[in-house]
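Peer 1: Mind folding the following:
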Amino acid sequence: MTSWKSIALFLSSLILLGCQKPELKKPNILIIAVDDLRPELKSFGKDYISSPNIDQLAASGVSFQKHYVNAPSCGPSRYTLLTGTYGPSDNYALFKRAEKLKNGGDIKPSMPEWFRGNGYTTVSVGKVSHHPGGRGGEDWDDNDIIEMPGAWDRHLLPAGEWQHPRGVMHGLANGEIRVVSAEMDVYQTKDGDDNIYPDGLITDEALKQLNELSSDQTKPFFLAVGLIKPHLPFGAPSKYFEQYKNIELPPIPHPEKPEGRSTWHRSGEFNQYNNWGKNGNTHPQFADEVRRHYAACVSYADAQVGKILAELKRTGADKNTIVILWGDHGYHLGEHAIWGKHSLFEESLHSPMIIHYPGMKTKNQKTNAIVETLDIFPTLCDLAGVQIPSFTQGQSLKPIIEKPKSEGHAAYGYTKSNRLKTIKTKNHRLIQHEDGFIELYDEASETVNVADKYPEVVAELKGKLLERLGK
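Peer 2: Sure, this is the predicted structure:
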C-alpha cells in the first residue's frame, strides 16, 4: 500500500515541475543579402536615394558605416560570409570547397550547417551563395551539384518565366534572359508590378518560407534571402525609376583613371552589355542614366526588403529574430573611371551592413568602427547564444553593437587569385601586388599613392598583411 509520505513527495515533485519555466527557443536569424549594393542609402548619408525600408531597419538597430567585404566579387565575398574564413578569390570558391568535401578533405562546417547542427531549420531563398538556388550544372539547377553540401534543409529559387536559375541571375523584365551579353541592354525600365523582374518571385517565396518557419514553435529558423538587384543589368519596374528621372545627381567623386599602377580595370563586366556605343567616362549624360537606373534598382530591392520585414512582423516572429542586412560588396559608378566592382579601391569593398535584434539597447545608432564580413559568423553565434566555433577567423561585433563608438579593427581583402591584397585601417589603405609593388592611400582620398612618403606605415601594414593573409 502506498504511504502518505510517498504520495506527498510525488505531489510536491509535480508542483516543482509545474513551476519550472519552459526552455526558451533560441532566437531566429534572418539574413537579407543584397547584390552589388553600395552604401548609398539615406541611412548611410546619401539623401537622393529612396530606401525607406532599409532606413527603417537601420533606425531599429546599428548600421555599420565602415563595413568592408573581404573580396570585391560575389562568389568569394559570400564564401567569407558563409564560412567565416578566408578562401579563394573567384566566383567558384564555394564549389571548390564542395569538391574538397566530396574528396574527403578536412572542411569545417559552414555557418548555416553550424546553426543546423545547433537545432536550427536552415533555408535559403534566392542568391545566397554564388549561384541562385545553390546548385551547379549548365543551367545552375542540377540537384547532383550542390554548392554548399549539408548547409540547408531547403535551398530554393523560383525561376518562373526566366526558366532556370541561370536565367534568373541576369534576367530582365518579363522573362528576358541573357543569351548574348552584347544584345542585352545594360539598363532597362518597364511598366508592371514587382514580379516582372525575378526579385519579385524571390520575395514571394521568402514570404512563404517565413510564414511556414514562424509557425514552428519548437525549432528556431535560420533564413537567408538573397536579392539580385541592383546587380547588372540594371532593370527595375518604372515606378521605381520615375522618382529619379529628373533629379540632379551629385558629381562623381574622383572620376579620373588613377595615375600610375593600381587595381584599375576596364570595366569588362559592365561593358559586355549593350551600351549603345557610349562610355560612362566620356558621355556624362549616359553616365547619369546608368546611375539613375542603378538607383531605381536599389529602390526596387528596398521594396522587397520592406515586404520581408513586414511579413516577419505580421507572423510575430520579429519579437525573437536577429536581422542582418548585408551588401555582398560595393560598386563603382564612375569613381576612378571604373563601372563595376573587382578593384581593391574603397568603392569595391565598402558595403552597407545593419544589425537588429529584439531588446537591443543601441537602436538607431551609427558606428564608424571598421569591421569586415568575416565577423558575421561569430557575431550571430554570440547574439544567438550558440558556441562560436574556433575555426572562424573574424570576431564578434557584439561589443561594438553595445558600444557603437568602439574603434573596430583592420579589414582585409584580396582578389586576382589572391595575388592582390589589401588592408584598410582608420587612416590608410595599403594594396600589395604580387611582385611587391605597394599602393598606399590616405583615408581622405584614394587618388594619390603616398607609399614613398610613409615608408614606416608601409612596413607596418605589410607586416599585418603577411601575418593575416600570408604571402
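Peer 1: and residue 143, what element?
Peer 2: In this assignment (DSSP states H and E), residue 143 forms part of strand 142-146.
Peer 1: Quick check: can you name the pairing partners of that strand and their directions?
Peer 2: Here strand 142-146 is paired, per DSSP bridges, with strand 135-136 (antiparallel).
Peer 1: what residues are up against residue 55?
Peer 2: 41-43 (Cβ atoms under 8 Å, 6 or more residues apart in numbering). Yep, even glycine has a C-beta here, placed from its N, CA and C like the rest.
Peer 1: what does residue 422 give?
Peer 2: 344, 349, 412-414, 429-432, 465.
Peer 1: Skip the chain neighbours and tell me the closest residue to residue 464.
Peer 2: Nearest residue to residue 464, sequence neighbours excluded (Cβ to Cβ, 6 or more residues apart in numbering): residue 423, at 5.7 Å.
Peer 1: So for that neighbour, what's the pLDDT?
Peer 2: We note a pLDDT of 98 for residue 423 in this prediction.
Peer 1: Give me the neighbour count for residue 375.
Peer 2: 25 (other Cβ atoms under 10 Å).
Peer 1: I meant to write residue 268 there.
Peer 2: 10.
Peer 1: Start from the N-terminal end of the stretch 51-200 of the chain and give the helices.
Peer 2: Using DSSP state H, counting those that start in this stretch, the helices of the stretch 51-200 of the chain run over 52-59, 74-83, 93-102, 111-117, 165-169, 198-214.
Peer 1: Kindly reformat those helices as a markdown table containing mean pLDDT and distance to residue 30.
Peer 2: Shown next, in a markdown table, are the helices of the stretch 51-200 of the chain (pLDDT from 0 to 100; distance: least, Cβ to Cβ, whole Å):
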| stretch | mean pLDDT | distance to residue 30 |
| --- | --- | --- |
| helix 52-59 | 98 | 11 |
| helix 74-83 | 98 | 14 |
| helix 93-102 | 97 | 21 |
| helix 111-117 | 98 | 12 |
| helix 165-169 | 98 | 21 |
| helix 198-214 | 98 | 8 |
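Peer 1: Which one of those helices lies nearest to residue 461?
Peer 2: In terms of Cβ to Cβ, the element of these nearest to residue 461 is helix 74-83, at 20.3 Å.
Peer 1: Output the below-cut-off pLDDT ranges for the protein.
Peer 2: Counting by pLDDT under 70, the chain has low-confidence residues at 1-24.
Peer 1: run the last query once more with 80
Peer 2: 1-24, 443-445 (pLDDT under 80).
Peer 1: and the longest helix for it?
Peer 2: Longest helix in the chain by number of residues (criterion: DSSP state H): helix 284-315.
Peer 1: Can you check what angle separates that one from helix 198-214?
Peer 2: 20 degrees (axes from the mean of the first three to the mean of the last three Cα atoms, to 10 degrees).
Peer 1: buried set for helix 284-315?
Peer 2: Neighbour-count burial for helix 284-315 flags 286-309, 311-312, 315 (criterion: 16 or more other Cβ atoms under 10 Å).
Peer 1: Strands - which of the contacts of residue 55 land there?
Peer 2: Among those, DSSP state E puts none in strands.
Peer 1: For the closest residue to residue 170 other than its chain neighbours, give me its contacts.
Peer 2: Once flanking residues are discounted, residue 170 sits nearest to residue 178: 4.0 Å by Cβ to Cβ, 6+ apart. Counting by Cβ under 8 Å, 6+ apart, residue 178 makes contact with 167, 169-171, 184, 233.
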